[in-house]
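K.L.:
need coordinates for the following:
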Amino acid sequence: MTPALSIVIPTWNGRELLAECLASVSRQTFSDFEIVVVDDGSADGTAGWLRAAYPSVLAIECPENRGFVAAVNRGLGLARGDWVLLLNNDVTLAEDCLERLMAVARAGEFGMIAPLVLWTEDPRLVYSAGDAMGRGGRPSAIGYGSGRDSLAIETEPFGVSGGYGLFSRALIGEAGILDPSFGAYFEDADLSFRARWAGWRAAVVPEAVAWHQGSATIRDRLWWRTRQCYRNHALLVIKNFSLSMLWWNAGAIIRERAHQFGRVFAAARHEWGAARAAAYTFSAWLGLVARIPGALVRRRGVMSRRKVSSASMQALLAEERRDG
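P.N.:
Numbering: from 1, shown residues only. Purely as a prediction, here's the structure:
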């Protein structure tokens with residue numbers, strides 16, 4: 001029978017993280033789900049371990065690493081549930097997390113739903129209570145670093161994270177899968193933006209708790225991470241800001257572009273020294289320029305399917321956070 005929920009977990013050289021993640025999933029009070037794990041070219045024995053430890057899991061073995069978005073999209077293509085939970089391998093779930101998320105999902109008011117995510121290292125602190133979208137086009141985790149007990153949780157954020165977000169199959173069918181041109185970073189903000197333009201709403205369920213190990217799967221990849229953010233911030237704005245929103249938010253967008261440029265230059269200087277930083281920063285810019293034509297094509301699709309006004313979308317944007 002078709003399950004109510006499909007859990008799609010991309011993984012890359014994270015067998016120990018995946019073991020903790022799957023152990024938490026196996027303890028859920030909600031049971032009407034399937035698990036799809038996409039092993040994105042791991043070299044740590046993940047595939048063999050997974051076959052032995054979790055034979056009921058649909059395990060997809062990719063011969064080479066193609067990146068987060070490609071792995072998730074492959075999992076989405078095989079998922080059968082009416083709802084899909086995108087789950088990073090460095091996330092664990094409280095035993096009733098899925099039950100609480102699916103209760104809200106079945107009420108039918110929201111198309112994308114997030115749990116309250118706490119830091120694994122210090123569960124008193126919030127990692128994310130949904131995602132906000134800044135006026136400059138910068139996505140951010142709501143409540144990041146705040147005390148759990150002191151945070152006033154917004155029950156309807158702009159969107160949800162692709163690392164621990166629940167999406168309806170109908171939403172994915174209308175808004176589309178993750179954009180492969182993003183590779184990693186901001187791809188979930190892009191999906192949330194497209195879903196918002198299509199009229200879908202988002203929710204946070206504070207009673208559904210998860211824990212996340214901050215950047216556990218990308219440690220020591222500063223240059224790659226900052227380059228991705230520099231490039232993908234521009235793609236996000238190009239694709240999803242209407243002409244009116246570009247005008248209204250021009251100052252904030254320019255400030256954010258300058259911030260992203262400073263971060264990518266600093267990362268290059270840290271990695272290779274000041275003499276070579278300019279060359280690597282220029283290469284990041286070239287990588288962005290090469291993707292702009294495709295982003296403009298996809299922008300036409302996004303704008304042609306809008307169901308809400310620019311003013312309504314503008315009202316959902318938040319003032320920019322500046323925390324790095």
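
K.L.:
residue 37 belongs to a strand?
P.N.:
Yes. Using DSSP: H, G, I helix; E, B strand; the rest coil, the assignment for residue 37 is a strand.

K.L.:
could you count how many residues lie near it?
P.N.:
When neighbours are defined as other C-beta atoms under 10 Å, residue 37 has 26 of them. For the C-beta atoms, the positions are set from N, CA and C on the backbone; glycine is no exception.

K.L.:
in the sheet, who's paired with it?
P.N.:
With DSSP bridges as the criterion, residue 37 is bridged to residue 9, residue 59.

K.L.:
who's in contact with it?
P.N.:
9-11, 18, 22, 50, 54, 57-60, 75 (C-beta atoms under 8 Å, 6 or more residues apart in numbering).

K.L.:
what about 6 Å?
P.N.:
9, 57, 59 (C-beta atoms under 6 Å, 6 or more residues apart in numbering).

K.L.:
just among the residues you listed, which is most surrounded?
P.N.:
Greatest neighbour count in the contacts of residue 37, by other C-beta under 10 Å, goes to residue 9: 25 neighbours.

K.L.:
thinking again about what came up before, quick check, nearest of the contacts of residue 37 to residue 242?
P.N.:
Closest approach to residue 242 among those (C-beta to C-beta): residue 9, at 34.6 Å.

K.L.:
can I assume residue 118 sits in a strand?
P.N.:
Yes. Checked against three-state DSSP, residue 118 lies within a strand.

K.L.:
and the gap between it and residue 265?
P.N.:
Note on residue 118: its distance to residue 265, by C-beta to C-beta, to the nearest Å, is 34 Å.

K.L.:
likewise for residue 306?
P.N.:
Distance from residue 306 to residue 265, by C-beta to C-beta: 36 Å.

K.L.:
ditto for residue 55
P.N.:
Residue 55 is 49 Å from residue 265, by C-beta to C-beta.

K.L.:
and what of residue 207?
P.N.:
Plainly put, residue 207 is 43 Å away from residue 265 if you go by C-beta to C-beta.

K.L.:
thinking again about what came up before, residue 55 and residue 265: which has the busier surroundings?
P.N.:
residue 265 (18 against 8).

K.L.:
could I get the contacting residues of the closest residue to that one other than its chain neighbours?
P.N.:
Excluding the flanking residues, the one nearest residue 265 by C-beta to C-beta, 6 or more residues apart in numbering is residue 281, at 4.8 Å. Shown in contact with residue 281 (C-beta under 6 Å, 6+ apart): 264-265, 268.

K.L.:
before we move on, what about residue 38?
P.N.:
10, 60, 71, 74-75.

K.L.:
which among these gets closest to residue 125?
P.N.:
Minimum distance to residue 125 across these is 25.3 Å, recorded for residue 10 (C-beta to C-beta).

K.L.:
number of residues surrounding residue 282?
P.N.:
Around residue 282 there are 11 residues (other C-beta under 10 Å).

K.L.:
any idea how far it is from residue 302?
P.N.:
Residue 282 is 29 Å from residue 302, by C-beta to C-beta.

K.L.:
same deal with residue 103?
P.N.:
31 Å.

K.L.:
between those two, which one's more packed in?
P.N.:
residue 302 (20 against 15).

K.L.:
what ranges do the strands span in the stretch 101-250 of the chain?
P.N.:
112-119, 126-128, 131-133, 139-141, 164-168, 202-212 (DSSP state E, counting those that start in this stretch).

K.L.:
which secondary structure elements does the first one contact?
P.N.:
Just to be clear, that refers to strand 112-119. The contact analysis (3 or more C-beta pairs under 6 Å, 6 or more residues apart in numbering; DSSP states H and E) places strand 112-119 against helix 97-107, strand 126-128, strand 164-168, strand 202-212.

K.L.:
give me the residues contacting the last one.
P.N.:
Think strand 202-212. So strand 202-212 is in contact with 91-94, 97, 100-101, 104, 110, 112-118, 120, 127, 129-130, 153, 155-157, 159-160, 164, going by C-beta under 6 Å, 6+ apart.

K.L.:
emit the PyMOL select command for whichever of these are buried.
P.N.:
Entered in PyMOL, the line below selects the buried ones among the contacts of strand 202-212, by 16 or more other C-beta atoms under 10 Å:
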select buried, resi 91+92+93+94+97+100+101+104+110+112+113+114+115+116+117+118+120+127+129+130+153+157+159+160+164
